[in-house]
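J.: generate a structure from the sequence data that follows.
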Amino acid sequence: MRTRQKVRCLAGGLAAALSATGAAMLAGGSPAHATPAPGQGSASAQALAVAPHDGSLAVGVVLGEALAGHTNGQAKAQSQGIDLGAIGTAMTGYNCGSQALQPDQIPQPLITETGAPGADQGIHQGLDPSKGASQPSYGSDEFVRATSTPYGEADTSFAPVDVQGITVSGMATRAWSGLKDGERQAGATADIASLDLGNGLVKLGGLHWESVYPSGGQAAPSGSFTIGSLEIAGHAVPLNQNVTALQTAINTALGAVGLQVLLPQPTLSNGVESVSPLQLQAVPNTTRDSVVNLGLNATESQQQQVLGGLENGFPGEPAQLAQALCQSDTPITVAQVAIASVNGGGYLSAGLGGVTATSSDVAANPYDLSLLGPLTLSNGNGPLGGGSAPVATTSPTAGLVGAAPTPTLATSPAGPGAPTPATAAPAPSPAPAPAAAVTSPAAAGYAAGGPLLGIGLAGLALLGLLAEADRRMMRRAQHTITFEEGR
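T.: Numbers count the residues shown, from 1 in each chain. As a prediction, the model looks like this:
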């Protein structure tokens, strides 16, 4: 009898352990070293952005743009050598009853996303000798890739630019977002090999911007800007000094040509790690402004006649020629804004480099009805039995979590870090309030409908058999007692 009781106790303990194991896994427990859920993320980088202003009117162009992002299992990447912005829109819009250019005649971004043809291996677009002067990349080298990991990456490089005493060469940008080496991460880098200001007056080399935003683990966001070398008037300047001192030395030299720089700084705000561009601005300069204004004032009447004829037609001009010249209002407007930006009527702002990155869990669906059902299981591809899966928000920065101290700005890879400049970069737009983290069973490395479910059900079945055996034993005991009393 005692032996039978010991066997029953052992079987009951085993059944309880099996049931508890299955219930714990169904409740959402995760392995200690499981890969985090894909979540969401986005990153961006640019090499050069120029925006002349005339009052409230501005026209801008961005060179060397790289964008990447992901949400749950989908990733997307975009690479664009030249982004004409509003200028491109005006050039392809209807004017004088027709379009000056078709959309495929201006630079277009190279885009791919998870599931698109060739997205897993990556798509490259660069110089193609067979296409002659008609190059879709317009002097840039573009690459995009998007996998089901998910992981998206964009790489862009651009040819040297030389305009009015400013030369920029070795421009390259990269942005990525998704699961990388088992970690959810978004990041971006921008590099400029050489920046020459004022025809050799100030030379900066080895400029590097970097922003990395991991989430779902222990790593913290980070951002940095470094300078490899600096020359002023042909003399090398030591980089192991205060950033404010470096900026003052540069601006003192550039004052002679009417330029001013604001060095970048890293910031962490509203769940976005960013490193601002190196800002280059045209400031009042007596020599330059007097020369420009003298030429403009002396030819003002001739300018009006020429511009009016281009837009409205010259006397006796053939109708066909007038129709073609009517499209010249867009380049005329751009030229007028550009001139006004440097002669005191407006202002010129150019941003070199600049990166941003953010990643987080996907916010939970506030209308999840799974709690109304008795049980929600997953087969690894989605909820079963009436459950509702988490739904991604429309904003790439929604549900952001985590914060870290702003890193110190570095001015040289070999030298010590320098303090952050006093002037802060513009803060990114506010993101929604943080939301609770959601980790799906499938993303955590197991499926609730797999072997663990069978273990739990087997434990429940064993408990049921033991209960039935106890019931029958009690009935036999009752019959035995009744028979003995009857005797």
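J.: what's the spacing between Ala51 and Ile192?
T.: To Ile192, Ala51 is 18 Å away according to C-beta to C-beta, to the nearest Å. To be clear about C-beta, it is placed using only N, CA and C from the backbone, and glycine gets the same treatment.
J.: more crowded one of these two?
T.: Remark: of Ala51 and Ile192, Ile192 carries more neighbours, 23 against 17, as counted by other C-beta atoms under 10 Å.
J.: just give the closest residue to the more buried one, not the sequence neighbours.
T.: Leu207 (4.3 Å; C-beta to C-beta, 6 or more residues apart in numbering).
J.: let me know the helix or strand that that neighbour is in.
T.: Here Leu207 sits within strand 202-215, counting by DSSP states H and E.
J.: strand partners (parallel or antiparallel) of the helix or strand just after that strand?
T.: Sequence order places strand 222-226 as the next helix or strand after strand 202-215, per DSSP H and E. Looking at strand 222-226 with DSSP bridges, its partner strands are strand 202-215 (antiparallel).
J.: take the strand it pairs with, keep the C-alpha atoms, and write them as PDB.
T.: C-alpha atoms of strand 202-215 as PDB (Å, rounded to 0.1, in the frame of the first residue of the first chain):
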ATOM      1  CA  VAL A 202      41.100  76.700 -44.400                       C
ATOM      2  CA  LYS A 203      41.400  73.000 -45.100                       C
ATOM      3  CA  LEU A 204      39.800  70.200 -43.100                       C
ATOM      4  CA  GLY A 205      40.400  66.500 -43.700                       C
ATOM      5  CA  GLY A 206      39.000  63.200 -42.500                       C
ATOM      6  CA  LEU A 207      35.600  64.500 -41.300                       C
ATOM      7  CA  HIS A 208      33.500  61.700 -39.900                       C
ATOM      8  CA  TRP A 209      29.900  61.700 -38.400                       C
ATOM      9  CA  GLU A 210      28.500  58.600 -36.700                       C
ATOM     10  CA  SER A 211      25.200  57.900 -34.900                       C
ATOM     11  CA  VAL A 212      24.200  54.400 -33.500                       C
ATOM     12  CA  TYR A 213      20.900  53.700 -31.700                       C
ATOM     13  CA  PRO A 214      20.600  50.100 -30.300                       C
ATOM     14  CA  SER A 215      17.500  49.000 -28.400                       C
END
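J.: the strands in the stretch 101-250 of the chain, which residues?
T.: Secondary structure of the stretch 101-250 of the chain (DSSP state E, counting those that start in this stretch): strands at 110-113, 123-125, 140-147, 151-158, 161-163, 166-180, 183-197, 202-215, 222-226, 229-232, 235-236.
J.: can you map out the helices along this structure?
T.: Taking DSSP state H to define them, one finds helices in the chain at 2-26, 86-92, 243-254, 286-298, 300-312, 319-325, 329-340, 451-486.
J.: go through these and find the least confident stretch.
T.: Looking at the helices of the chain, the lowest mean pLDDT belongs to helix 2-26 (a mean of 52).
J.: may I see the buried residues of stretch 88-95?
T.: Gly88, Ala90, Met91, Thr92 (16 or more other C-beta atoms under 10 Å).
J.: follow-up on the earlier one: now the strand holding Leu207 and helix 243-254, what's the angle there?
T.: Orientation of strand 202-215 against helix 243-254 (axes from the mean of the first three to the mean of the last three C-alpha atoms, to 10 degrees) gives an angle of 140 degrees.
J.: state the mean pLDDT of strand 202-215.
T.: 97.
J.: among the strands of the stretch 101-250 of the chain, which is nearest Val243?
T.: Val243 lies closest, by C-beta to C-beta, to one member of the strands of the stretch 101-250 of the chain: strand 222-226, at 9.5 Å.
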